[in-house]
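**Q** model this:
(chains A and B, ligands or ions: 2)
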Amino acid sequence: MGGKVVTVTSGKGGVGKTTSTANLGMGLARLGKRVVMIDADIGLRNLDIVMGLENRIVYDLVDVVEGRAKVKQAMIKHKQFPDLYLIPAAQTRDKSAVSPADMVQLCNELRKEFDFIIIDSPAGIERGFRNALAPSDDILIVTNPEVSAVRDADRVIGLIEAENKGPARLILNRVKMELVRKGEMMSADDVTDILGIKLIGIVPDDEGVVSASNSGSPVVLNENSRSGQAYRDIARRLTGEDVPFMALDSGGGLLAKIGRLFGGGR
Amino acid sequence: MASFWDRLFGRTSERESSAQAAKRRLQFVLVHDRINLPPDIMAAMKQEILDVISKYVQVNEDSIDIALHPSDGSSLNLLVAEVPFTKSIVAPKPDIDEDDDLEEPTA
Ligand SMILES: Nc1ncnc2c1ncn2[C@@H]1O[C@H](COP(=O)(O)OP(=O)(O)O)[C@@H](O)[C@H]1O
Ligand SMILES: [Mg+2]
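**A** Residues are numbered from 1 along each chain as shown, chains lettered A, B, ... in the order given. Ligands and ions are numbered 1, 2, ... in the order given. The predicted model follows:
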C-alpha cells in the first residue's frame, strides 16, 4: 500500500492545524522521509505561506482534480528538503470543486512515491473536512486546552468514529504550563480524559511559532525551540518510534518550582 | 488534600479552579452533544414522563426539568427528571398495601 496518509483536523478554526501540518511535514522530511503535504482548505489557502512556498505556485489541487494539470506539475518542491513537496489549495474556488473520491484517488497515486501524505483539513465538519478525512490512514486532532476547542474536537472524533476511521490521536497545542500549574488551564490529562483518545504530542504556546510562520520557516527547524522540539518528537512518533513525552515543566518561575519540589504542583 | 504549598499559592480545593470548571462544564455539555437527542424527541419524552406522573400526583407542566448528567465515577450517564408536585391525586386507600407487591414481605 506504500505511503501513509495523515489527516490533520480539528473542527474549530485557528487552533493550529496548518501550523502542525507544516511542522510535521518538515519534521518528517528532516528525518529523511519523502513527504507531500496537501492543503485541502480550498478558498483559504495558507499552508504555502507558512511553508515559505507562496511565490512558486502555478497549479493547485483543483487544477489536478479537474485534469488541467498533472499531479507532478502542481507539486512545489521545497528548496531545503528535496523530498518535501506541497500541493497548494485553490484560492478562487470553493470546497465543492473537490470530492472525497477525488482525494482518495489522488492519495492512492501519491502513496506510490511518498512515505507520508499529510493533509491540512479546513475548519468545520462539512465537505472540506470530508475530503480531508476520506483517504486518511492516520488522523491527528489538533485542539487547544479551551472549552470550545475541546467541544469541537469531540464532535469531530464522533464523526470520525461514525466513519469507522481512526482511532485519532491528539495534538494539544498552545499549552501554557504556568497556567496549568495554577489550575487556570486544563492539562493534557484533563483533555485526554474528556476526549478519550491518545495523545501524540503537547505543543507549548510559543511566540516563536508565530515568528517562524511569519518568516516562512516552521519552528521545527529551530533546534533551541521547545515547540520545535515538540514537533520533532511528534514527527518521530508518526514514524512509529516510541518517544517519551518531554516534561513541560521548565519555566514557571522559581516559586512554582519550589512549590513542586515540595509536592505542591500537579 | 490541599498541601501547605497549595494553600500558600492559593490552590486550595475549596474553590473550584478555572481548569476544573472548564473540565466539569465540558463533561456536562458533551453528554448532550454525544447523545444528540433532537429537540422534538426530547419534548416527546418529557410529555410521556409527565403523562405518567400526573396520573398519580398533581404537577405543574411547566416546572418539569429534564437534564443529562455525566457519570460520576461509574460508566453510566444519568438522565435526571425533576418533577415538582403539589399533592397526590389518588387518595391513599386503606387497602392499598394488599395490592402492592412491593410492600409484601418475602414470606
Ligand atoms: N503553539 C503555538 N504558539 C503560539 N501561536 C500559535 C501556536 N500554534 C499556532 N499558533 C498561531 O495561531 C494561529 C492559528 O494557527 P493555524 O495553524 O493557522 O490554525 P488553523 O490552521 O487550525 O486555523 C496562527 O497565527 C499561528 O501562528
Ligand atoms: Mg488552517
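**Q** ok, stretch A:7-15 near ligand 1 or not?
**A** Yes. Stretch A:7-15 lies within reach of ligand 1 by CB under 6 Å from any ligand atom, at A:10, A:13-15. The C-beta positions use only the backbone N, C-alpha and C, and glycine is treated the same way.
**Q** the residue of the stretch 51-200 of chain A found nearest ligand 2: how many residues sit nearby?
**A** As assessed by CB to the ion, ligand 2 sits closest to A:D120 within the stretch 51-200 of chain A, at 6.0 Å. The local packing of A:D120 (other CB atoms under 10 Å in any protein chain shown) involves 27 other residues.
**Q** before we move on, what about A:E163?
**A** 13.
**Q** list the contacts for it?
**A** Residues in contact with A:E163 (CB atoms under 8 Å, 6 or more residues apart in numbering or on different chains) are A:L133.
**Q** separation between it and A:S99?
**A** 15 Å (CB to CB, to the nearest Å).
**Q** got it, and B:P70?
**A** 38 Å.
**Q** following the helix or strand harbouring A:V6, which helix or strand comes up?
**A** For A:V6, the host element (DSSP states H and E) is strand A:4-9. For strand A:4-9, the following helix or strand on the C-terminal side (DSSP H and E) is helix A:17-30.
**Q** can you give me phi and psi for the residue nearest to B:R25 when sequence neighbours are not counted?
**A** Spatial nearest neighbour of B:R25, chain neighbours left out: A:V147 (6.0 Å); criterion: CB to CB, 6 or more residues apart in numbering or on different chains. Here is the backbone geometry of A:V147 (degrees, to the nearest 10): phi -50, psi -50.
**Q** what's the answer for B:T86, then?
**A** phi -100, psi -60.
**Q** ok, it touching B:S54?
**A** No. Counting by CB atoms under 8 Å, B:S54 is not a contact partner of B:T86; they are 10.8 Å apart.
**Q** can you pull the contacts of the closest residue in space to A:A90 that isn't next to it in sequence?
**A** With sequence-adjacent residues excluded and distances taken as CB to CB, 6+ apart, A:A90 is closest to A:V62, at 3.8 Å. Shown in contact with A:V62 (CB under 8 Å, 6+ apart): A:42, A:90, A:93, A:97-98.
**Q** distance-wise, check A:V62 relative to chain B.
**A** 33 Å (CB to the nearest CB, to the nearest Å).
**Q** what helix or strand is that residue located in?
**A** helix A:61-65.
**Q** need the CA coordinates for that helix. PDB is fine.
**A** Taking C-alpha atoms only, helix A:61-65 is exported to PDB below (Å, rounded to 0.1, in the frame of the first residue of the first chain):
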ATOM      1  CA  LEU A  61      -5.300  20.900  -6.100                       C
ATOM      2  CA  VAL A  62      -8.400  21.800  -8.200                       C
ATOM      3  CA  ASP A  63      -6.300  22.000 -11.400                       C
ATOM      4  CA  VAL A  64      -5.200  18.500 -10.700                       C
ATOM      5  CA  VAL A  65      -8.600  17.200  -9.800                       C
END
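**Q** now that helix: buried residues?
**A** A:61-65 (16 or more other CB atoms under 10 Å in any protein chain shown).
**Q** ok, the residue in the stretch 1-150 of chain A positioned nearest to chain B - how many residues close by?
**A** The stretch 1-150 of chain A approaches chain B most closely through A:V147 (5.1 Å), counting by CB to the nearest CB. Other residues near A:V147 come to 16 when the count uses other CB under 10 Å.
**Q** list the contacts of it.
**A** Neighbours of A:V147 in contact, by CB under 8 Å, 6+ apart: B:22, B:25-26, B:29.
**Q** ok, A:V104 next?
**A** A:134-135.
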